[in-house]
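**Q** From the sequence below, what's the structure:
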Amino acid sequence: VGLAAGLPASKRLLTLNVSENQIDAKGVRVIAEAVKCNAVLQRLGMARNCMGDHGAKAVADALVASTTSLSLAHNGIGDDGLASLAAALAGCHALLELDLGGNAFGGKGLVAMA
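**A** Purely as a prediction, here's the structure:
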């Protein structure tokens, strides 16, 4: 993913929206690794891609405390991915908006979010 190459240098980037780009789990991992270098990122939009549980785990590992908005709707995220996100979101005290609509998680994932 060529975009990810420039992200580590963008230490003041506040919003990143890569929604609707057919990014799979591998691409999400590359972007997530690059985003880890940005401690001020507030809004991350990755809706309507193809990340699944593996991509959700990569996003969870990259979340920063300054995140205020996270959109991962319609990504095929199941219970395992939601559990990874739930653990990471516990450290995101600034989070105001979370969109996980249209994913594939069920009761097990929802229990992890509670």
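
**Q** any chance you could map the strands in the chain?
**A** Along the chain, the stretches classed as strands by DSSP state E are 15-17, 43-45, 69-71, 97-99.

**Q** Take these and lay them out in JSON lines including mean pLDDT and distance to Gly91.
**A** Just so you know, the C-beta spots here come from the backbone N, C-alpha and C atoms, and that holds for glycine as well. Listed next are those as JSON lines, based on pLDDT from 0 to 100; distance: least, C-beta to C-beta, whole Å:
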{"stretch": "strand 15-17", "mean pLDDT": "94", "distance to Gly91": "19"}
{"stretch": "strand 43-45", "mean pLDDT": "96", "distance to Gly91": "15"}
{"stretch": "strand 69-71", "mean pLDDT": "97", "distance to Gly91": "13"}
{"stretch": "strand 97-99", "mean pLDDT": "97", "distance to Gly91": "14"}
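
**Q** now those in a markdown table, with distance to Ala34?
**A** Compiled in a markdown table, those are given as follows (distance: least, C-beta to C-beta, whole Å):
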| stretch | distance to Ala34 |
| --- | --- |
| strand 15-17 | 9 |
| strand 43-45 | 12 |
| strand 69-71 | 16 |
| strand 97-99 | 22 |
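
**Q** can you list those in JSON lines and add mean neighbour count and distance to Ala58?
**A** Listed next are the strands of the chain as JSON lines, based on neighbours: other C-beta atoms under 10 Å; distance: least, C-beta to C-beta, whole Å:
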{"stretch": "strand 15-17", "mean neighbour count": "14", "distance to Ala58": "14"}
{"stretch": "strand 43-45", "mean neighbour count": "20", "distance to Ala58": "12"}
{"stretch": "strand 69-71", "mean neighbour count": "20", "distance to Ala58": "13"}
{"stretch": "strand 97-99", "mean neighbour count": "14", "distance to Ala58": "17"}
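
**Q** So which of those is nearest Leu82?
**A** strand 97-99 (11.1 Å; C-beta to C-beta).

**Q** and for the closest one, what are the contacting residues?
**A** Contacting residues not belonging to strand 97-99 are listed as Ala47, Thr68, Ser69, Leu70, Ser71, Leu72, Ala73, Leu89 [C-beta atoms under 8 Å, 6 or more residues apart in numbering].
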